[in-house]
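> I'd like to go over a predicted model; first the sequence, then the structure.
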Amino acid sequence: MRTSASRSAASPQEHTRRVAAATFVGTAIEWYDFNIYGAAAALIFAPQFFPNINPVAATLAAFGTFAVGFLARPIGGIVFGHFGDRLGRKQTLVVSLMLMGVGTFLIALLPTYAQIGIAAPILLVVLRFVQGLGVGGEWGGAVLMAMEHAPEGQRGYYSSFPQMGLPAGTLLSNLVFLGVSLSLGQEQFAAWGWRIPFVLSAVLVVVALVVRLRLAESPEFARTRQRGRVRRLPALDVLRNNPGTVILGMGITLAPSGLGYLLSVYLLSYGTGTVHVPQVTMLLTITAGSVVYLVVAYLTGRVSDRVGAVQIFTVASVLSVLVPFAVFGLMDTGAVPAVLLAMLAMGLVLGLLVAVQAIIVSRAFTTDVRYTGASMSYQFGAVLGGGLTPLLAAAILGATGSSMWVAAYIAGLALLSGIAVWFLPREAGTEIDPGAAVTGGAGDEPLRDGAPA
């Protein structure tokens, strides 16, 4: 059924493609915002916001503020998941994008420690928390909009579009950082130029908002609401009825998140600070890796409905156990061709993992709790697998002095993901648990399956 003027002007197939494009663009901008913080944490924030401690401790502190965003993401996933399962995917996605954009823009205006003292790192943590809330609500809504609009037999393909926003956001953030740093020079970039990528996000957010406001609501959610099957407290229902599914979904998220933030954040710091590869070289090689990541994710999405998402993820998990050792072995040579090869290998494995991650996790939950369940699985897993990776990797390297122990940590995450994927339910469908309380809308009395809507 066509539920909006914009949709009525397009065929269902055209609208599905429009939704896929909109979720890709919006997610790319969200992850641009999230990743420019990671790049700044690796390159800038230690001296700007933590100048009175030794360099190693300052780097740990900067990565600690990066991890704060991940601690906020599960909260954002639960809050936005609640409203996404009650009010709709579209409205929730618009609000999450606005919240992320505001947090990012305010970081651009934030005074440094030299200007306002201890208030600077405190405000940095607060704004990072706001970013985390926004991105916590983004992933689930974007994936569901793409998947729930997709025709049968193409859900894997269309659900890969918001996933491609991850490497696209990383690619865009690195290109902007690279362009600004090359234009201004190292001294000016460190003094004030790092703020420019944060300011640019305001323009990008406006573009994404315009695109998203033109979309129709998810047809699956619309049917659930019309039937009066909206859950009153979806988070409680998920935790009561599907705790094992949430835990397994978290496990699947460990490898993509761990490898993703190894590529986009930690290796930038490791390459420039430990191996002494020039900053521009690191940004260029990570950019190349992100291009491979994006292309492989697209190609994998194209074939996932025929080959099988679980089979692809399993093969990628095996590769992910081996690749970290090769990556650090190549990185430690300090040779530019070796560093480039390491980034390309990371991009290949990430593209395989991430392209099918969304369809695997989201289809394990029924429509009425899918936003909440998928968001909780993804965001809690991202805390353990991604948010802690730069911090723990820096701590492991500091304690052992060997990058191979960092590689072993990442390989362990990949092994857990490879095991989890085989125990996660393959398809939960759209049926609602007959014994669970539902409601026709905010303020309505609880209903049960079979009761009049």
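That came through fine.
> what ranges does the stretch 201-350 of the chain have for its helices?
219-226, 234-241, 243-261, 267-273, 279-307, 309-331, 336-362 (DSSP state H, counting those that start in this stretch).
> what's the closest of those helices to Gly81?
helix 234-241 (6.6 Å; Cβ to Cβ). (Each C-beta comes from the backbone N, C-alpha and C, glycine too.)
> which other helices and strands contact the closest one?
Here helix 234-241 touches helix 55-86, helix 370-382, going by 3 or more Cβ pairs under 8 Å, 6 or more residues apart in numbering; DSSP states H and E.
> in contact with Leu43, which residues are there?
Residues near Leu43 by Cβ atoms under 8 Å, 6 or more residues apart in numbering: 177, 194, 268-269, 272, 279.
> mean pLDDT lowest for which of the helices and strands packed on helix 234-241?
Least confident of the helices and strands packed on helix 234-241, judged by mean pLDDT, is helix 55-86 with a mean of 79.
> that helix: what's the following helix or strand?
helix 89-108 (DSSP states H and E).
> which SSE is the nearest residue in space to Ala20 that is not next to it in sequence in?
Setting aside the residues directly before and after it, Ala20 is nearest to Phe161 in space (Cβ to Cβ, 6 or more residues apart in numbering), at 4.1 Å. According to DSSP H and E, Phe161 maps onto helix 155-184.
> and that helix with helix 336-362, angle?
Counting by axes from the mean of the first three to the mean of the last three Cα atoms, to 10 degrees, helix 155-184 lies at 140 degrees to helix 336-362.
> from the contact counts, what lies against helix 155-184?
Using 3+ Cβ pairs under 8 Å, 6+ apart: helix 155-184 touches helix 12-43, helix 119-149, helix 195-213, helix 279-307, helix 336-362.
> give the buried residues for that helix.
155-178, 180-181, 184 (16 or more other Cβ atoms under 10 Å).
> how far off centre is the next helix-or-strand element following it?
Per DSSP H and E, the first helix or strand lying C-terminal to helix 155-184 is helix 186-188. Mean C-alpha position of helix 186-188 versus that of the full chain (Cα atoms, centre = their mean, to the nearest Å) differs by 30 Å.
> re earlier: distance to Gln226 for the contacts of Leu43 - can I get that in a markdown table?
Formatted as a markdown table, the contacts of Leu43 follow (distance: Cβ to Cβ, whole Å):
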| residue | distance to Gln226 |
| --- | --- |
| Phe177 | 46 |
| Trp194 | 49 |
| Leu268 | 48 |
| Ser269 | 51 |
| Thr272 | 55 |
| Gln279 | 54 |
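> Serialize the helices and strands packed on helix 234-241 to a markdown table and add fields for mean neighbour count and distance to Glu220.
Output for the helices and strands packed on helix 234-241, formatted as a markdown table (neighbours: other Cβ atoms under 10 Å; distance: least, Cβ to Cβ, whole Å):
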| stretch | mean neighbour count | distance to Glu220 |
| --- | --- | --- |
| helix 55-86 | 22 | 11 |
| helix 370-382 | 30 | 8 |
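> in a markdown table: the ones you listed, plus distance to Gly38.
Below are the helices and strands packed on helix 234-241 laid out as a markdown table (distance: least, Cβ to Cβ, whole Å):
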| stretch | distance to Gly38 |
| --- | --- |
| helix 55-86 | 6 |
| helix 370-382 | 13 |
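> make JSON lines out of the helices and strands packed on helix 155-184 and add mean pLDDT and distance to Leu391.
Listed next are those as JSON lines, based on pLDDT from 0 to 100; distance: least, Cβ to Cβ, whole Å:
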{"stretch": "helix 12-43", "mean pLDDT": "78", "distance to Leu391": "10"}
{"stretch": "helix 119-149", "mean pLDDT": "85", "distance to Leu391": "13"}
{"stretch": "helix 195-213", "mean pLDDT": "81", "distance to Leu391": "22"}
{"stretch": "helix 279-307", "mean pLDDT": "91", "distance to Leu391": "19"}
{"stretch": "helix 336-362", "mean pLDDT": "94", "distance to Leu391": "19"}
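> Serialize these to CSV and add fields for distance to Leu263.
Shown next, in CSV, are the helices and strands packed on helix 155-184 (distance: least, Cβ to Cβ, whole Å):
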stretch, distance to Leu263
helix 12-43, 10
helix 119-149, 17
helix 195-213, 18
helix 279-307, 6
helix 336-362, 5
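> out of these, which is closest to Ala222?
Among the helices and strands packed on helix 155-184, helix 119-149 sits nearest to Ala222 (Cβ to Cβ), with 9.3 Å.
> list the helices and strands that closest one packs on?
Helix 119-149 packs on helix 12-43, helix 45-49, helix 55-86, helix 89-108, helix 155-184, helix 219-226, helix 336-362, helix 370-382, going by 3+ Cβ pairs under 8 Å, 6+ apart.
> skip the chain neighbours and tell me the closest residue to Val318.
Per Cβ to Cβ, 6+ apart, closest to Val318 is Gly418, 6.5 Å.
> quickly note the distance from that neighbour to Arg89.
30 Å (Cβ to Cβ, to the nearest Å).
> when those two are compared, which one has more neighbours?
Arg89 (29 against 22; other Cβ atoms under 10 Å).
> now for the more buried one: which residues touch it?
141, 144-145, 148, 217-218, 221, 371.
> in TSV, list those residues along with distance to Pro425.
Below are those laid out as TSV (distance: Cβ to Cβ, whole Å):
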residue	distance to Pro425
Gly141	21
Leu144	17
Met145	22
Glu148	18
Glu217	26
Ser218	21
Phe221	20
Tyr371	17
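> farthest pair within the residues you listed?
Top of the distance list for those (Cβ to Cβ): Glu217 and Tyr371, 12.3 Å.
> contacting residues around the nearest residue to Ala309 once chain neighbours are set aside?
For Ala309, ignoring the flanking residues on the chain, the nearest one in space by Cβ to Cβ, 6+ apart is Val356 at 3.8 Å. Contacts here follow Cβ under 8 Å, 6+ apart; on that basis Val356 touches 156, 160, 300-301, 304, 309-310, 312-313.
> now render those residues as CSV, adding distance to Thr287.
Shown next, in CSV, are the contacts of Val356 (distance: Cβ to Cβ, whole Å):
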residue, distance to Thr287
Gly156, 27
Ser160, 21
Thr300, 20
Gly301, 21
Ser304, 26
Ala309, 28
Val310, 31
Ile312, 25
Phe313, 26
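> so which of these is the closest to Ala414?
Distances from Ala414 to the contacts of Val356, taken by Cβ to Cβ, are shortest for Phe313, at 10.7 Å.
> roughly how far does the closest one sit from Gly351?
For Phe313 relative to Gly351 (Cβ to Cβ), the value is 12 Å.
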